[in-house]
Each structure stands twice: as C-alpha cells, then as structure tokens.
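Engineer: Output the structure for:
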Amino acid sequence: MHRDADRQPDTPQRNVLLLGLVSFINDTSSKMILPLLPLFIVQLGGGGLAVGLVAGLGDALASLTKWLAGHWSDRLGRRKGFVFVGYLLSALAKLGLAAAAYWGQVLALRSGERLGKGLRAAPRDALLAASTTRERRGRGFGLHRAMDSAGALIGTLVVFALYWWLDWGFAQLFLLAGLLGLASVLPLVWVREPATVVKKAAAWPTGPLPAGLRPVLLASGLFALGNFSYMFFVLRSATAFDDRLAIAIPILLYALFQLTYTVFAYPAGRLSDRIGRRRVVLAGYLSFALVSFGFALLDGITAYVMLFALYGISYALVEASSRVLVADLAPELQRGGVLGLYYLVISLAALPAALIAGLLWDLDPVWTFVYGGGLALAAALVLGLAVREPDVDD
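Structural biologist: Model prediction:
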C-alpha cells in the first residue's frame, strides 16, 4: 500500500511545509516590490496603458512557459528542477529593478520575473498535489497559500516601515527584495520528489480533456479576463491622497489585502474539503464582483479599507480552491500538464484583461471596475450552472 494511506490526517507533510517556506520568503521579497510597482511606473512616466502593459505582458509571456513546464515535468517525471530554476530567475529579475530608469525596462524585468513564475507554478502545484491525499488536498494547498500570503503581509509591512521611517527609495527597496528572492531557493534543497511523481507520464494533451474540465476552464478564463491587476486598485486608492501619503496609504491598504488573504486562505481550503471546491470558488467570484462595483461607486478611506479587506477574502476563496478543483479533475500522471493548461487559459487572458483595464482607466477609471465586476458575474454564472462538483471522497 502507498504511504498516502498511512498519513496522519492533521499532520502537514514535509514537502508542503518546505514549499510553503520557499513561498513565504519569496513572497516577502515580491510584496516589497508589488505595492510600489504601479507607483514606480507612473513616476517613470507611464500612464494607465503602460501599467496595464506591464501587468499583463509578463503573465501572457509566462502562459506558454506554465503549460510547457507542467507538460515537461510530467514527461520527465521530475518537478523540483523546474521549481528551483523558476524561483532563481524571478529573484534575478527583481534585482534588476533596482537599476531601472525607464518604464520600458520595468516591462522587460517584470516579464522576466513572471517567466520564472511560469516555469515553477504548475510543477510546484503538481508536487504539492502528489504530497497530499485527495481528501486533505484542499487544506494542504490552503496551508501553502497561507504561508505564501503571510510572507506577502510581512514584505508589505517591511517596505512601509523602510519607506516611511527610514526614507528608503525605490532602488534600495528593490535591491533588498532581490536579495531575499535569492535566499528563497535554499529550502528547496530538502524537498523530495514523492514516489508517485517519478514515473513516465503520458503525453499531454493528445487525448480528450478530463470530464468536467471544459466548463471549469471557461469559467476560469472569463474570470481571468475581468480579474485585472491589483495595480489598478492601488492606483485608485492613491488618487485620494497627496505627497508621501499617496504612496504610504496604498502600501497599508495592500497590507490589509494581504492580511485578510492570509487569515482566510487556510480556512477557505478546509471549507472546500467540506462543502466542495465549486461553492467556494463561486463565492470568490461573487465577492470580486462586489469589490469591483464598490471601487466604481465608492470613494474615501473608509470605503477603501472595506473593499481591500473584501478583495483579500475573494482572493483567498478563488486562488487555492480553483487549482484544487482542476487537480481533482486531472489524472495523476497528467496533473502537471492539466494544471499547466489551466494556467495557460488564465494567463492568456491576463494581457487583454490588463490592456482593456488600462485603456478604460485612461478614459475613466470607473469603467475599469465595471468591466471587472461584469465579467466576474459572467464567470459565476458559468460555474454555477455548468460545472458538476466532483466527489472529494472519491
């Protein structure tokens, strides 16, 4: 009998904890950069379209990498090497931001950082899935996301403290973030490939999609098309303040987003184990629609506090459970490829989503958020009517 049967139900697995630690350090690094990035682009002369291009192009370029990396890791029967190189590439790109002087350079470096994410994402998720039993997979992914988001929260608070009290500039902050990114690869040394991974996988995608996957991909694609970058939420909040507060307050609001995400990520995973993935993802889609319409209709610090908090909750509901739903539908030996295909769908939507959001922003920021809320409602309709929930106890 495979060791999965002997696992203690409430004992976190070694790989889950180590991969969570990698994500914790890496996201501490990343979130020292992300709340500043749209403000940095504007400082370098970019407008709404430039912000959208930087936000979307990297994810679009990463889409093919995500798909191919998942497929290649299935074919080779190895995940860890892809994960290591992906994190390393992202760290080097972060270091480069410290020397950027034009928003075009930010575009190139951000794209390189996203390519690193694309290289590691599907193999890492397949490695996580292979390290957990199916009935505990939701909480395993939820725990990983919670550690990831805890690092994100710490990174956001660190960058606020360094900016507000020590008066660090963009270059100093980006340099420190890049060095932390390099440190994040160290725990990967102790990650082991589960026995179920090191097998020759069948080619993907030569056969039909697994049952029930098509409507999930359609709903995910619709949601991704309207799920434009967080950068527009940050820019929207920055317009309400002046001088240093126009940077400091958006950083704190972004930290609030990370805090609510951190608090709800693991409970959302456990909830998906109890009531099913579809219901949790559906609640996330509807929550995001509410956030988007709220940013279109409301203004002021009180409204922004409530909306950024709800934004974190919606992200927690969607982020882990949507991937677990796809993993549940995928055959084990093609799981990396199927997850790569899922990432391909949502990442191909990222560039048009960001460009449309940027164009609408330059016309009137309100239309950016109406657009996002409308597509989130369409995705919820598809998910609610067309997706059959797989039995998590199978």
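
Engineer: Point to the residue nearest the middle of this protein.
Structural biologist: When C-alpha atoms, centre = their mean is applied to the chain, the residue found nearest the centroid is Glu319 (6.7 Å).

Engineer: That one sits in which helix or strand?
Structural biologist: helix 301-329 (DSSP states H and E).

Engineer: That helix: what's the following helix or strand?
Structural biologist: helix 335-348.

Engineer: how big is the angle separating that following helix from helix 301-329?
Structural biologist: Using axes from the mean of the first three to the mean of the last three C-alpha atoms, to 10 degrees, the direction of helix 335-348 lies 140 degrees away from that of helix 301-329.

Engineer: and the next element down the chain from helix 335-348?
Structural biologist: Going down the chain from helix 335-348, the next helix or strand is helix 350-363, by DSSP H and E.

Engineer: Check the offset of that following helix from the chain's centre.
Structural biologist: Centre-to-centre, helix 350-363 and its host chain are 19 Å apart (C-alpha atoms, centre = their mean, to the nearest Å).

Engineer: Equivalent analysis for stretch 158-168, please.
Structural biologist: Mean C-alpha position of stretch 158-168 versus that of the full chain (C-alpha atoms, centre = their mean) differs by 25 Å.

Engineer: And the helix or strand of the chain with the lowest mean pLDDT, what does it pack against?
Structural biologist: Ranking every helix and strand in the chain by mean pLDDT, DSSP states H and E puts helix 335-348 at the bottom, with a mean of 78. The elements that helix 335-348 packs onto, with contact taken as 3 or more C-beta pairs under 8 Å, 6 or more residues apart in numbering; DSSP states H and E, are helix 48-76, helix 103-130, helix 213-226, helix 301-329. C-beta coordinates here come from the backbone N, C-alpha and C atoms, glycine included.

Engineer: which residues touch the residue nearest to the centre of the chain?
Structural biologist: Glu319 is in contact with Arg145, Tyr261, Ala265, Gly284, counting by C-beta atoms under 8 Å, 6 or more residues apart in numbering.

Engineer: host element of the second one?
Structural biologist: Here Tyr261 sits within helix 245-275, counting by DSSP H and E.

Engineer: likewise Leu381?
Structural biologist: Using DSSP H and E, Leu381 maps to helix 365-386.

Engineer: Next: Arg137.
Structural biologist: Per DSSP H and E: helix 137-164 holds Arg137.

Engineer: and that helix, how far out from the chain's middle?
Structural biologist: Centre-to-centre, helix 137-164 and its host chain are 12 Å apart (C-alpha atoms, centre = their mean).

Engineer: Now do the buried residues in it.
Structural biologist: For helix 137-164, the neighbour count (16 or more other C-beta atoms under 10 Å) marks 137-160, 162-163 as buried.
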